[in-house]
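Chemist: my questions are about this predicted structure, shown below with the sequence.
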Amino acid sequence: GAVVSQHPSWVICKSGTSVKIECRSLDFQATTMFWYRQFPKQSLMLMATSNEGSKATYEQGVEKDKFLINHASLTLSTLTVTSAHPEDSSFYICSARAEAGESYNEQFFGPGTRLTVL
Amino acid sequence: KQEVTQIPAALSVPEGENLVLNCSFTDSAIYNLQWFRQDPGKGLTSLLLIQSSQREQTSGRLNASLDKSSGRSTLYIAASQPGDSATYLCAARVGSWGKLQFGAGTQVVVTP
């Protein structure tokens, strides 16, 4: 299957700082990528849909000014958590949707980024 | 709004037994349904994707069925192994470009 990478895999930061997480589709192009958040023992919660070359679409209740998304190319989307606070500590997972080939419309997920805000 | 439910929340079986994981969804007009595996602290690995026109998909020891009329999908894992221990998530998509709606997952432990 297709491969999606995330960087970093984990990050610890001080309260008030900003953290950028990268999501790359390694062997396919993705016009659409997705950012999810997962709390312990819970399922994935969609935060936003990232569209290449246009503004992201945020889910209800997700602050777009706090979670900045940039999808500048067909293989890279970034999520920046601005002015991070301890309640932003979570596991962030990105996903990219295949738009061609035998995996058409299948979503592939990255390995996740563990964010801890002190 | 599509709601996806997975029962049971947790399951423990001895090695060699077959696993049966259930997923139910409220909106039968799904486009496709995916089963994923998640290991602790890791991302999701796609196991099987079933299109709405299909009744089942198979990959190795894994078989997933789809019954849209009853709003159910079942993942069967034959001859379970300790390495199958993980959380299994199902997710349904409504519409070709709709969002994936996830269930809460079933945590599986296979004991040697």
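Modeler: Everything's here; your move. Numbers count the residues shown, from 1 in each chain, chains lettered A, B, ... in the order given.
Chemist: helix or strand: which one has the closest residue to residue B:63 other than its chain neighbours?
Modeler: Counting by Cβ to Cβ, 6 or more residues apart in numbering or on different chains, residue B:76 is the residue found nearest to residue B:63 once chain neighbours are left out, at 4.5 Å. Bear in mind the C-beta positions are built from the backbone N, C-alpha and C, glycine included. Assigned by DSSP states H and E, residue B:76 belongs to strand B:72-77.
Chemist: list the strands paired with that strand, with their directions.
Modeler: Paired neighbours of strand B:72-77 in the sheet (DSSP bridges): strand B:19-25 (antiparallel), strand B:62-67 (antiparallel).
Chemist: quick one: residue A:87 is in a helix?
Modeler: Yes. Looking at residue A:87 with DSSP: H, G, I helix; E, B strand; the rest coil, it is inside a helix.
Chemist: how close does it sit to chain B?
Modeler: Applying Cβ to the nearest Cβ, to the nearest Å, the value for residue A:87 to chain B is 20 Å.
Chemist: repeat for residue A:105
Modeler: Taking Cβ to the nearest Cβ, one finds residue A:105 at 6 Å from chain B.
Chemist: count the residues that sit near that residue.
Modeler: Other residues near residue A:105 number 15, with proximity taken as other Cβ atoms under 10 Å in any protein chain shown.
Chemist: need the strands paired with strand B:72-77 in CSV with mean neighbour count, can you?
Modeler: CSV is the format used below for the strands paired with strand B:72-77 (neighbours: other Cβ atoms under 10 Å in any protein chain shown):
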stretch, mean neighbour count
strand B:19-25, 19
strand B:62-67, 18
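Chemist: how about the residues of chain A near chain B?
Modeler: A:1, A:4, A:6, A:32, A:34, A:42-44, A:46, A:49, A:91, A:93, A:95, A:105-112, A:114 (Cβ under 8 Å from any Cβ of the partner chain).
Chemist: show me the strands in chain A, by range?
Modeler: A:4-7, A:10-13, A:19-25, A:32-38, A:44-51, A:57-58, A:67-73, A:76-81, A:90-97, A:107-109, A:113-117 (DSSP state E).
Chemist: what pairs with the first one, parallel or antiparallel?
Modeler: If I follow you right, that is strand A:4-7. Strand A:4-7 is paired, per DSSP bridges, with strand A:19-25 (antiparallel).
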